[in-house]
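Colleague: Structure for the following, please:
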Amino acid sequence: MARLDPAERVRDADRTRAELLEVATEVFAERGYSGARVDEIAERTRTTKRMIYYYFGGKEGLYLAVLESAYRTIRAAEQSINAGDLAPTEAIRRIAELTFDHHHAHPAFIRLVSTENIHQAEHLRKVDSLRDLSAPAASLLDQVLERGRVAGEFRNDVDAIDVHMLISSYCVFQVANAATFGFLFGRDMLAPDVRARHRRILGDVVVGWLTRS
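Modeller: The predicted model follows:
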């Protein structure tokens, strides 16, 4: 039986770990931490329960890795914007729109965050790296806001966390409440035309708020 060379073993381990994270994200998002079972995650992947313990140390270790991966993904997306090459108003609009798109594309992220809030961020507090991961998001907004203030375009009485909260709250609502809001008001929140309009509204709201004299 041919042996894998060290590089191939590393690639195989990376693929297995990535697959476990992907499936575990869906299972934890669907069932919450308490309802998710390691056996189910193993069954839905090409690996075994033993391998989950090998890579992550158990259910909690896997869940913490899922949380870190989810936040790392959105932080990486934010950093993909070349904000310094854009006018402040255009940069802030792009950040808002990218956040909107990311939340729609990753509904599991919303469910994970909602679960953590229900449990007072019980597990989130155990992932020390998340504070460092969040710093670039605030830094990016700080830089754009400062350029906008210097140019006389942006108001002075809000900071990066205020802007981040406004954008996030709108984006989370779009996904988290799509079913209930859709039923109560008869509107498909995920329909392409509705989604495009809401995306545009978010950009208008954020830019309008920041440029109000």
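Colleague: Going by C-alpha atoms from here, please, whenever you check contacts or count neighbours.
Modeller: Will do.
Colleague: Sticking with the residue nearest the centre of the chain, tell me its helix or strand.
Modeller: The centre of the chain sits closest to Ile74, judged by Cα atoms, centre = their mean, with a distance of 4.2 Å. Assigned by DSSP states H and E, Ile74 belongs to helix 59-79.
Colleague: again with Met189
Modeller: Here Met189 is assigned to no helix or strand, by DSSP H and E.
Colleague: How far away from the center of its chain is the longest helix belonging to the chain?
Modeller: Ranked by residue count under DSSP state H, the longest helix found in the chain is helix 6-35. Relative to the centre of its chain, helix 6-35 is centred 17 Å away, using Cα atoms, centre = their mean, to the nearest Å.
Colleague: what pLDDT, on average, does it get?
Modeller: Averaging pLDDT along helix 6-35 yields 84.
Colleague: Could you do stretch 144-159 as well?
Modeller: 95.
Colleague: and that stretch, which residues are buried?
Modeller: For stretch 144-159, burial by neighbour count (16 or more other Cα atoms under 10 Å) applies to 144-149, 153-155.
Colleague: Could you do stretch 88-95 as well?
Modeller: 88-89, 91-95.
Colleague: Turn those into JSON lines, columns for secondary structure and pLDDT.
Modeller: As requested, the buried residues of stretch 88-95 are exported to JSON lines (DSSP: H, G, I helix; E, B strand; the rest coil; pLDDT from 0 to 100):
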{"residue": "Pro88", "secondary structure": "helix", "pLDDT": "96"}
{"residue": "Thr89", "secondary structure": "helix", "pLDDT": "96"}
{"residue": "Ala91", "secondary structure": "helix", "pLDDT": "96"}
{"residue": "Ile92", "secondary structure": "helix", "pLDDT": "96"}
{"residue": "Arg93", "secondary structure": "helix", "pLDDT": "96"}
{"residue": "Arg94", "secondary structure": "helix", "pLDDT": "95"}
{"residue": "Ile95", "secondary structure": "helix", "pLDDT": "95"}
